[in-house]
Structure formats: structure tokens, C-alpha cells
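Novice: Got a predicted structure plus its sequence, pasted below:
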Amino acid sequence: MPLKVYNSLTKTKEEFIPITPPYVGMYVCGPTVSGESHLGHARPYITFDVVYRYLMHLGYKVRYVRNITDAGHFEEEGREAIDKIADKAILEKLEPMELVQKYTNLFHWAFRKFNTLEPNIEPTATGHIIEQIGMIEKLIEAGYAYENNGSVYFDVKKYAENYDYGALSGRVIEDLLETTRNLDGQEEKRDKADFALWKAAPPSHIMRWKSPWGEGFPGWHIECSAMATKYLGPYFDIHGGGMDLMFPHHESEIAQSTICNHTPPVKYWMHNNMITINGKKMGKSYNNVIKLTELFSGDHPALQQAFSPMTIRFFILQTHYRSTLDFSNDALIAAEKGLKRLMDGYENLKKLPLPTEDKSTTDADLDNFLQTKMNELEEFINDDFNTAKVLANLFEMVPTINSIKDGLIKSDAISSGTHHRLVEVFSIYIEQILGLINENETDDQFDGIMELLVEIRKDAKSKKDFATSDKIRKQLSALGVDMKDEKDGEISWNKR
RNA sequence: GGUUCCGUAGCCGAGUGGUUAGGCAAAGCUCUGCAAAAGCUUCUACAGCGGUUCGAAUCCGCUCGGAACCUCCA
């Protein structure tokens, strides 16, 4: 049952075969650290975290490279070429690198909370100016780029004569030449569709580097090409990013790398879909972003409450990564409750009594049901990372687990083999692959205090002193700890 | 305007030709000092119209509605 991934380049699901097994090179477009990350940013990094985790689970030796965009020129219609970092630095009255550090730290902080694994290499654009200049020189030498007034542009028309510019995004070059909007520096370009590789810096510009074409700063697309080539070679396995980056960013990356390295750069292109709010893509220019810090604190007019990082992770994984995902309070609240149900089920599973080795008590139908559900997990995750179906199957096993815990089903009704596999499979899928963790870990001191409170409450209950027992439960609940009376007279608790 | 995609029960969302997705919410029951949780049961949907087919949410056409990209963006 091979892993299949949907390749945006071929528009089909393809069997995943690494270029040089067991090694896998994966590049994911990282954040531009000119501001705080918002909910939309959580999608790609959580999606590709699962991809990374699963590939490692399969035994591949993955090199995961995710860049930090801390410099770069962006084109905007009707506006002068700007460097977003420099622009924001002036606004916040910070040294540009101070600003970059601030938001890089914030990004790392948020994604540690999401339990995403660190990439193996996290290169910065400013740390790779030399490599970018090197690539631009190669492009000029090859005749696919030209300099004008200290800026360098990629010659899209020329590229399109020999290669397919639009192979990834489905753009038709003729349309591009006609419909591309008027961007800054137009008069310097040979053609409207050409994109900047290097921009001459005006005197006021803070972030500037020496280059063969004078002082300036790099274009946006070249940074990813340069860093991906440097760390993953000219041809690597997976390139990931948001769908909104397909054009022009990834299309241009393909063009640049193809000329420089004489090979298309990527075997499998993977793109996650957008997170929307009220049906519209969440994005700065739409003025509808909810920052991650606001999500975690609940401090935003659109939020009814705070949502934990794991709730958001679960929310994202409940949907296939190639579908749009619409934000709403109701959907997040549902995710929060669903996650709790799953994690409670998992905790219950870990504490289940071991069944006997004797097979005579096994309920064959139930045992087969569980085995089938477990077998299907592999099928689903292999089907282009269908985490929604994986979660659905895990949920289908929860009632059985809870029933055994409550004594409604005898623990011996499942075979010991199934029991062992259940524990293993839940751990692998929930923790190792989906990266879901219990956010409310407690320490020994806390546990000790709770033990004492449980004892006192048990005591009160046995004396039918319900006033005391209710008071303990009520006040603990207000403090975020729920106490439950179990069927066997025991008292369990759990921290929210 | 061009290109592409989507429209699934109260809500969120899998599913792409024939069999109960799943989560949340709601109702009933069981359990229970109360509560919560849990278990069982119920609610069985595929925008509209037409076509292909023994059979369509799934394929095709049209209509309506929405989105993404064609600046920046995850």
C-alpha cells in the first residue's frame, strides 16, 4: 500500500518514490517575518509537519528545509518597489534585523505551541545574498535575465520560448503578457510578465547589499531557489507551500532553477488550500486576520473565547489539506470538544486492563472491527495524507475503549494482540504522526495536591456531606480542573 | 475579463458510480446523591434543472451561488 501524494504539477495523485531513497529533500516556503503570524499561516506549517512526521515514520531520512524571509522585494500594483521588512522597521522604529528577530522569535514560539517539529535547516534570505547573486549571474550569462538601471529582471518571454512557463499554475503565457497588471519598474522591463531578480536600492533604502549591478536588494522568488538549491541540490523531492504561492512565486522558482541547474527543481509539488473567514481568504490585504496570539488569548472581537494551539491543530487536521477551511467560533468549539473526546479516549486506552491471553473470551466481531479500523488508518494516511479520515477512524474506536473502561464491555472481549496494537496504533497516529499532545500536563506537586483533594472529597461523600464534596468540585471547576465521580466510586480529575 | 476550483444534513466537514464517514449541536433512554462524563438509540444530506447509466452526491451539459489566482500573500 504505497504512499500517494497529489502533485500540483501533474494534477494527479502519484506514488511517492524518492529520488534517492532513503533520503527525502523537502522545502517549504516559510514566513515573511515582517509581522505576526495569523491563523492562515498555521495551515501550511501544520500540514507539512504531518508530511514530515509521516515520511520519517516510514523510515525516510528527511531533510526538511523551511526558510525565513527576512528581506526581499515585492511588487505591488501602482506602488513603488518596497522591502516589507524595511518598511515595517521604520513603522515600528526598530532596526530591520531587530524587527526580523522579534517576529522570528514569535513565529518559533507559536509553532512550538503547535507542536510542529523544527526543520533541519531554517535558512534566512539575508544569509544567502551571495548565493542569490550567484544565481542571478548565471541567469544573465545564460541569456535569461537582463540588467537595467541597476535592477535585474527575468526574461519570461524568452523562457517561454524554450520552456513551459505556466506548467505549474496553468497560466498561459499569451494571457500573461496581456493581462499582467502594471507593476513598479515596468519601464525597466522588456515585458510586463518579467519579474525582478534584483532591485536597485534608492538612497533612502535601509536594507541594501553590494552586487555586480550596484547596491540593492534581492527579488522575492530568487531566495527560495537559491536556498533550496544550496541545501537540497538541483533536483529534490518535495516543495510545499500555500496554493496562493503557486503563481507567480513557485512558477518563477521553477523557471529560475531550471535555467541555472539545467533541471526542473522539484519532483512533487504540494500545495495546501487557504483558511477562510466568512468565506474569504484570511489575509492582511483583506483586513480579516486573526493573529495566533489573539487566538490563544481570545482577545479579538471575532472570537467568543480563546482557543488552544492543539484545538487549532486538530481543527486543521480534521479537514483535508487541499480543501478550503472556513473559520468560525462554532467550528473551533466543536473541534475543541472533539479533540477532548479523542484525547480522553486515548488516555482511557492507556489505562485499560490487559486482556487475558486466553482467546476463548474474545468477541470475534468486535476484534475484527478494531483490526479493520486500524488497518484502514494506513490506507487513509497513504491516500495523500487524508488526516480527516484517519481521525474519523480513530473516533470510531473510541466508544469501544470507553465501554471497556466503564465495564460495559469486558476487557477480555478483545484479544491481547488487538489490545497491544490499539495502544501502539493510537500512540503512533495521534502523537507521532498527527502530532497531537495533551496540553495540560501536570507535575508531581500538582498531582499530590489533587490526590489530597480527592481523598477529602471521597471522605465527605462517604459521610454524605454533599455540601463539602460539591464545594470542592465546584471550586476546582472554576480553577480549570474537572472532577468526575466514576462508576466504581473512584474520583477522577482532569485539567483543562 | 481570463484561468482554476467549490456548493454535502442545524453547524463544521470526509467521500468521486452501487454499501452507516466522523466531529459538534439537538432529542430520548441507561447510569447517577447531584453534576459531568460515558454508553445505546434517533435525526440519513448531497444547490437547481436536464442527460448518460441497470444504478449518480459521485460522470456530462446548462443555470444559480461562492471562492482562489491573474499585485502582496501560507
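Specialist: Structure received.
Novice: and the residue in the stretch 201-350 of chain A that RNA strand B sits nearest to, how many neighbours?
Specialist: Going by Cβ to the nearest atom of the strand, RNA strand B is nearest to A:Gly242 of the stretch 201-350 of chain A, at 1.7 Å. Every C-beta, even on glycine, is put in place using the N, C-alpha and C of the backbone. Per other Cβ atoms under 10 Å, the neighbour tally for A:Gly242 reads 21.
Novice: May I ask which helix or strand encompasses A:Ala388?
Specialist: helix A:387-405 (DSSP states H and E).
Novice: for that helix, packing partners?
Specialist: Judged by 3 or more Cβ pairs under 8 Å, 6 or more residues apart in numbering; DSSP states H and E, the packing partners of helix A:387-405 are helix A:309-317, helix A:329-351, helix A:364-382, helix A:416-426.
Novice: Quick check: which of the ones you listed is buried the most?
Specialist: Compared across the helices and strands packed on helix A:387-405, helix A:309-317 shows the largest average neighbour count, a mean of 23 (mean count of other Cβ atoms under 10 Å).
Novice: Any buried residues in the helix or strand following it, and which?
Specialist: Beyond helix A:309-317 on the C-terminal side, the first helix or strand identified by DSSP H and E is strand A:325-327. Counting neighbours by 16 or more other Cβ atoms under 10 Å, one finds that the buried residues in strand A:325-327 are A:325, A:327.
Novice: Contacts for strand A:325-327, please.
Specialist: If you take Cβ atoms under 8 Å, 6 or more residues apart in numbering as the criterion, strand A:325-327 is touched by A:39, A:43, A:273-279, A:282, A:290, A:315-316, A:319.
Novice: Dump those residues into CSV; add secondary structure, pLDDT and distance to RNA strand B as well.
Specialist: As requested, these are exported to CSV (DSSP: H, G, I helix; E, B strand; the rest coil; pLDDT from 0 to 100; distance: Cβ to the nearest atom of the strand, whole Å):
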residue, secondary structure, pLDDT, distance to RNA strand B
A:Leu39, helix, 97, 7
A:Arg43, helix, 97, 4
A:Asn273, coil, 97, 7
A:Met274, coil, 96, 4
A:Ile275, strand, 96, 4
A:Thr276, strand, 95, 6
A:Ile277, strand, 93, 8
A:Asn278, coil, 88, 8
A:Gly279, coil, 88, 4
A:Met282, coil, 95, 4
A:Ile290, coil, 96, 10
A:Phe315, helix, 97, 7
A:Ile316, helix, 97, 9
A:Thr319, coil, 96, 3
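Novice: What residues does the stretch 201-350 of chain A have near RNA strand B?
Specialist: A:220, A:241-249, A:272-276, A:279-286, A:318-320, A:323-326, A:328, A:330-331, A:333-335, A:337-338, A:341, A:344 (Cβ under 7 Å from any atom of the strand).
Novice: before we move on, back to that, between the contacts of strand A:325-327, which has the most around it?
Specialist: A:Ile275 (26 neighbours).
Novice: Quick check: closest non-adjacent residue to A:Glu188.
Specialist: Excluding the flanking residues, the one nearest A:Glu188 by Cβ to Cβ, 6 or more residues apart in numbering is A:Asn148, at 4.4 Å.
Novice: wait, I meant A:Ile277
Specialist: A:Phe327 (4.5 Å).
Novice: returning to that earlier point: just checking the helix holding A:Ala388 against RNA strand B, any contact.
Specialist: Yes. Helix A:387-405 reaches RNA strand B (Cβ under 7 Å from any atom of the strand) through A:388-389, A:391-392, A:395-396, A:398-399, A:402-403, A:405.
Novice: Could you quantify the relative orientation of that helix and helix A:329-351 as an angle?
Specialist: 50 degrees (axes from the mean of the first three to the mean of the last three Cα atoms, to 10 degrees).
Novice: pLDDT averaged over helix A:387-405 - what is it?
Specialist: The average pLDDT within helix A:387-405 is 95.
Novice: what angle separates that helix from helix A:416-426?
Specialist: Using the same axes, to 10 degrees: helix A:387-405 against helix A:416-426 is 140 degrees.
Novice: Contacts made by helix A:387-405 with the rest, please.
Specialist: So helix A:387-405 is contacted by A:50, A:314, A:317-321, A:338, A:341-342, A:345, A:348-349, A:351-353, A:366, A:369-370, A:373-374, A:376-377, A:380-381, A:383, A:409-411, A:413-414, A:422, A:426, A:429-430, A:433-434 (Cβ under 8 Å, 6+ apart).
Novice: what angle do it and helix A:309-317 make?
Specialist: Using the same axes, to 10 degrees, helix A:387-405 lies at 120 degrees relative to helix A:309-317.
Novice: What residues sit buried inside helix A:387-405?
Specialist: Buried residues in helix A:387-405, counted by 16+ other Cβ under 10 Å: A:387, A:389-391, A:393-394, A:397-398, A:400-402, A:404-405.
Novice: Over to stretch A:197-213?
Specialist: Quick answer for stretch A:197-213 (16+ other Cβ under 10 Å): A:197-201, A:205, A:207-209, A:211, A:213.
Novice: Looking at those, spot the one nearest A:Tyr163.
Specialist: Checking the buried residues of stretch A:197-213 against A:Tyr163 with Cβ to Cβ, the nearest one is A:Leu197 at 16.6 Å.
Novice: so is the closest one in a helix, a strand, or just coil?
Specialist: strand (DSSP: H, G, I helix; E, B strand; the rest coil).
Novice: Quick one: residues contacting it.
Specialist: A:Leu197 neighbours (Cβ under 8 Å, 6+ apart): A:136, A:139, A:145, A:152-154, A:218-219, A:221-222, A:256.
Novice: same thing but 6 Å
Specialist: A:136, A:145, A:152, A:154, A:219, A:222 (Cβ atoms under 6 Å, 6 or more residues apart in numbering).
Novice: Of the residues you listed, which is the nearest to A:Thr124?
Specialist: Of all the contacts of A:Leu197, A:Thr124 sits closest to A:Ile222, with 14.0 Å by Cβ to Cβ.
Novice: Now the closest one. Its backbone dihedrals?
Specialist: phi -70, psi -30 (degrees, to the nearest 10).
Novice: ok, back up a step: lowest-confidence one in the contacts of A:Leu197?
Specialist: Among the contacts of A:Leu197, A:Gly219 has the weakest pLDDT, 92.
Novice: How about that one, nearest residue that isn't a chain neighbour?
Specialist: Per Cβ to Cβ, 6+ apart, closest to A:Gly219 is A:Ala196, 4.1 Å.
Novice: who's that neighbour bridged to?
Specialist: Beta-bridge partners of A:Ala196, counted by DSSP bridges, are A:Tyr153.
Novice: quick one on the thing from earlier: with distance to A:Val33 added, can I get the buried residues of helix A:387-405 in JSON lines?
Specialist: Converted to JSON lines, those look like this (distance: Cβ to Cβ, whole Å):
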{"residue": "A:Thr387", "distance to A:Val33": "28"}
{"residue": "A:Lys389", "distance to A:Val33": "35"}
{"residue": "A:Val390", "distance to A:Val33": "32"}
{"residue": "A:Leu391", "distance to A:Val33": "32"}
{"residue": "A:Asn393", "distance to A:Val33": "38"}
{"residue": "A:Leu394", "distance to A:Val33": "35"}
{"residue": "A:Met397", "distance to A:Val33": "41"}
{"residue": "A:Val398", "distance to A:Val33": "40"}
{"residue": "A:Thr400", "distance to A:Val33": "46"}
{"residue": "A:Ile401", "distance to A:Val33": "43"}
{"residue": "A:Asn402", "distance to A:Val33": "44"}
{"residue": "A:Ile404", "distance to A:Val33": "49"}
{"residue": "A:Lys405", "distance to A:Val33": "46"}
